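Asker: Provided below for reference: sequence and predicted model.
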Amino acid sequence: MPHLTLDKVTVHYAGQPAPAVESVSLDIGKSDFVVLVGRSGCGKTSLLNVAAGLVGPARGQATIDGRPITAPGPDRAVVFQNDALFPWLTARENVAFALRLRGVPADKRARRADELLRLVKLDSAGDKRIWELSGGMRQRVGLARALAAEPEFLLLDEPLGALDALTRERMQTTLLDLWAAAQVGVLMVTHGVEEALMLATRIVVLAPGPGHVVRTIETHFGRRYAAGEPIRAIKADPAFAAARADLTDAIFEGEAA
Amino acid sequence: MSISTYTERPAAKISEIDTLSVPWSRPRPKRAGVSARLVSALTILALLAAWTVSAELQLVSPVFLPSPAAVWAKLVVVARDGFVDATLFQHLTASLGRVFAALIVAIVVGVPVGLAIGISRIGRGVFDPLLEFLRPIPPLAYLPLIVIWFGIGEPSKILVIAIAMLAPVALSTAAGVRGVSRERIDAARSLGATRGQVVRHVVLPSTLPSILTGLRIALGAGWSTLVAAELVAATRGLGFMIQSAAQFLVTDVVVMGILVIATIAFALEFVIRRIERALVPWAGRE
């Protein structure tokens, strides 16, 4: 069973007086959906970048299956907030990008890309150019493109941050469906409290100055969606409201008023 | 925010609304549209009219300023019978050939140099000072040296134009590379792209709009170098035609040559803009 592990990771950017993150440990299994939440400056994205191999830790170590992470790799595909898609390619060609890098023949990668586009419910958008797609559709293409790399882990950096509320909610169900279908471990950074509760199996609350873990919360609302309960009904449950209040308190705990 | 601005407005009673001036609640009449294009057209017409009038009234001697009609007549004559042993079309194709050959040289050298400047520190260290050294030198200054090195043949003429085009192509390419979004590169790396694949599949296409802008600027620089390039031992070319005419004070041919160069440059600019729209339709829409 593959594991993505951060062991007492400290991130210190060159030229900064203080570290951005101090001694944070995380362990993500392949069936986990771990969500990092916290106020601005708590180092959520820094931690995600360490896991991605885009930022090297000053101290501590990031490993995948025991191997140290020293560079980005397709076993840990990243989806960014600003989709970072390639506008000179169609949606299908974007999705097939990782396969093209590996030299997969054109017809085969087009077929695989179409499968993935179906999985993210964009069946008919394959020939569209990126600028013809809405924000939500772009994020779906971004997710499909990451999945095409056949990663063991998906790293999502506020993938729903730039979307409107309705699109967000629809994307949440898509993410849950994908996570169940693709059998990948997920590490996601978000500002959304509801989103964290709805999607995560485990929520890690960080606080700034320098970034550290203040609480870890196991949640189960996503499992109820998987069991067939509609997402609105789950969110209307008083237990969900209580959990939301609790998580909000945890995030703002210790903040100077 | 929008709610607070509503309440800040002075409240008017319903009965007052008709009598009071309430500019914020009335749609402003659209200003009668005078487009910049119309102004440009009128300016050109006015200049043509002034030119015609001053020629008609002989305000200036025709040796200095031939009338538009004389210039047009000369265009027809040179197009049919030629001037200094070549027709206008032959002069034109000779010049166009040089400019395009130079453009190809500038692309082949300038795009890789620009990529090197944008991608690698060593590339920037090597090429940046060279370009900065080359860029401000006027073509007439290095022309003699090039003639000494490469002779008076066609290669020298192409080289003079190509040198003028090199800096715009390379510097635009480098600027384009520096403008590639970090996230795009990181996304490609996390999908498994090697350094070479990032350059080939992400940096190069991302830079394409800047490269095309560079080509547009380079063509302008190339045309303005044309006359210098055709100073030495040319027997054909628009620049050569203008110089020969100037020596014999055939001012109508000089004016005609200038207008032909301007027209061709304008047409090329238009063509490149069309190419840009076809090749990089995503530019400015991301």
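Answerer: Noted; the coordinates are in hand.
Asker: Contacts only, for the closest residue to chain B within the stretch 151-257 of chain A.
Answerer: Distances between the stretch 151-257 of chain A and chain B by Cβ to the nearest Cβ are smallest at residue A:155, namely 7.6 Å. Where you see a C-beta, it was placed from the backbone N, CA and C, and this is true even at glycine. For residue A:155, the contacting residues are A:48, A:51-52, A:76-79, A:186-188, B:190, by Cβ atoms under 8 Å, 6 or more residues apart in numbering or on different chains.
Asker: again, but for residue B:167
Answerer: Contacts of residue B:167 (Cβ under 8 Å, 6+ apart): B:110, B:131, B:134-135, B:221.
Asker: Arrange the residues you listed in a markdown table, one row each, with distance to residue A:227 and secondary structure as further columns.
Answerer: Output for the contacts of residue B:167, formatted as a markdown table (distance: Cβ to Cβ, whole Å; DSSP: H, G, I helix; E, B strand; the rest coil):
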| residue | distance to residue A:227 | secondary structure |
| --- | --- | --- |
| B:110 | 62 | helix |
| B:131 | 65 | helix |
| B:134 | 70 | helix |
| B:135 | 68 | coil |
| B:221 | 68 | helix |
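Asker: Quick check: buried residues in stretch B:163-178?
Answerer: Neighbour counts over stretch B:163-178 (16 or more other Cβ atoms under 10 Å in any protein chain shown) mark B:163-177 as buried.
Asker: ok, now stretch B:241-249?
Answerer: Buried residues in stretch B:241-249 (16+ other Cβ under 10 Å): B:241-245.
Asker: Filter the buried residues of stretch B:163-178 down to the ones in helices?
Answerer: B:163-177 (DSSP state H).
Asker: can you tell me which of those residues lies nearest to chain A?
Answerer: When those are compared against chain A (criterion: Cβ to the nearest Cβ), the nearest one is residue B:176, at 13.2 Å.
Asker: for residue B:61, phi and psi?
Answerer: phi -60, psi 140 (degrees, to the nearest 10).
Asker: still on that earlier bit, what helix or strand is the residue nearest to the residue of the stretch 151-257 of chain A closest to chain B when sequence neighbours are not counted on?
Answerer: In this structure, residue A:155 finds its nearest non-sequential neighbour in residue A:78, 4.6 Å apart by Cβ to Cβ, 6 or more residues apart in numbering or on different chains. Using DSSP states H and E, residue A:78 sits within strand A:76-79.
Asker: Three-state assignment for residue A:17, please.
Answerer: Three-state assignment for residue A:17 (DSSP: H, G, I helix; E, B strand; the rest coil): coil.
Asker: residues near it, how many?
Answerer: 5 (other Cβ atoms under 10 Å in any protein chain shown).
Asker: Backbone dihedrals for it, please?
Answerer: Dihedral angles (degrees, to the nearest 10) for residue A:17: phi -70, psi -40.
Asker: for it, what are its contacts?
Answerer: Neighbours of residue A:17 in contact, by Cβ under 8 Å, 6+ apart: none.
Asker: For it, give its distance to residue A:209.
Answerer: For residue A:17, the distance to residue A:209 equals 12 Å [Cβ to Cβ, to the nearest Å].
Asker: still on that earlier bit, isn't the residue nearest to residue A:155 right up against residue A:149?
Answerer: No: applying Cβ atoms under 8 Å as the test, residue A:78 and residue A:149 come out as separate, 9.8 Å apart.
Asker: the more surrounded of these two?
Answerer: Shown here are residue A:78 and residue A:149; by other Cβ under 10 Å, residue A:78 has more neighbours (29 against 22).
Asker: Nearest residue to residue A:129 in space, please, no chain neighbours.
Answerer: Setting aside the residues directly before and after it, residue A:129 is nearest to residue A:90 in space (Cβ to Cβ, 6+ apart), at 6.1 Å.
Asker: Check residue B:87 too.
Answerer: residue B:79 is the one closest to residue B:87 (Cβ to Cβ, 6+ apart), at 6.4 Å.
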